[in-house]
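>>> no FASTA, just this:
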């Protein structure tokens with residue numbers, strides 16, 4: 001059988017077990033502290049890297065609440081077509097009058113039964129109403 005252990009031997013074995021447990025705990029705590037230190041030491045660099053935009057990437061445009069507008073050439077083409085229809089003249093006659101220096105408002109006011117305001121109303125829905133009015137009044141031009 002097993003030999004009897006004295007009280008002193010039990011105490012010595014218990015102290016050894018406690019010392020080994022304390023050593024394992026200390027090593028675990030030291031390892032954890034080192035890991036936390038290392039992770040925090042690199043965090044500012046990671047945050048700075050995340051905050052610095054990549055110069056090779058173009059920023060995406062901010063989402064707009066405005067409806068998409070057609071390009072300028074398409075918009076002017078639609079203005080010309082609808083204006084000629086409203087005025088009751090051909091697109092080529094309208095173009096000739098515009099090239100002579102008249103505005104759409106001048107042509108509308110000179111055409112029997114039509115007006116500048118009627119033309120602006122006929123062009124409603126093509127684009128921004130203020131921009132359409134400026135095109136009709138020729139305060140902005142295709143160029």
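Nice, I can see it. Remember, predicted model here, so these are calculated numbers, not experimental data. Numbering: from 1, shown residues only.

>>> mind checking how far residue 115 is from residue 86?
10 Å (Cβ to Cβ, to the nearest Å). Glycine gets a C-beta too; all of them are placed from N, C-alpha and C.

>>> any common contacting residues for the two?
Jointly contacting residue 115 and residue 86 under the rule Cβ atoms under 8 Å, 6 or more residues apart in numbering are residue 108.

>>> show me which of those two is the more surrounded one.
residue 86 (18 against 12; other Cβ atoms under 10 Å).

>>> list the buried residues of the host helix or strand of the more buried one.
Assessed by DSSP states H and E, residue 86 sits inside helix 72-87. Judged by neighbour count (16 or more other Cβ atoms under 10 Å), helix 72-87 contains these buried residues: 75-76, 79-80, 82-84, 86-87.

>>> just stretch 97-111 next, same as before
So stretch 97-111, judged by 16+ other Cβ under 10 Å, has buried residues 97-98, 102-108, 111.

>>> pLDDT, distance to residue 130 and secondary structure for the residues you listed - can I get that in JSON lines?
Formatted as JSON lines, the buried residues of stretch 97-111 follow (pLDDT from 0 to 100; distance: Cβ to Cβ, whole Å; DSSP: H, G, I helix; E, B strand; the rest coil):
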{"residue": "97", "pLDDT": "90", "distance to residue 130": "24", "secondary structure": "helix"}
{"residue": "98", "pLDDT": "88", "distance to residue 130": "20", "secondary structure": "helix"}
{"residue": "102", "pLDDT": "90", "distance to residue 130": "21", "secondary structure": "coil"}
{"residue": "103", "pLDDT": "89", "distance to residue 130": "16", "secondary structure": "coil"}
{"residue": "104", "pLDDT": "91", "distance to residue 130": "15", "secondary structure": "helix"}
{"residue": "105", "pLDDT": "91", "distance to residue 130": "15", "secondary structure": "helix"}
{"residue": "106", "pLDDT": "92", "distance to residue 130": "19", "secondary structure": "helix"}
{"residue": "107", "pLDDT": "91", "distance to residue 130": "20", "secondary structure": "helix"}
{"residue": "108", "pLDDT": "90", "distance to residue 130": "18", "secondary structure": "helix"}
{"residue": "111", "pLDDT": "88", "distance to residue 130": "23", "secondary structure": "coil"}
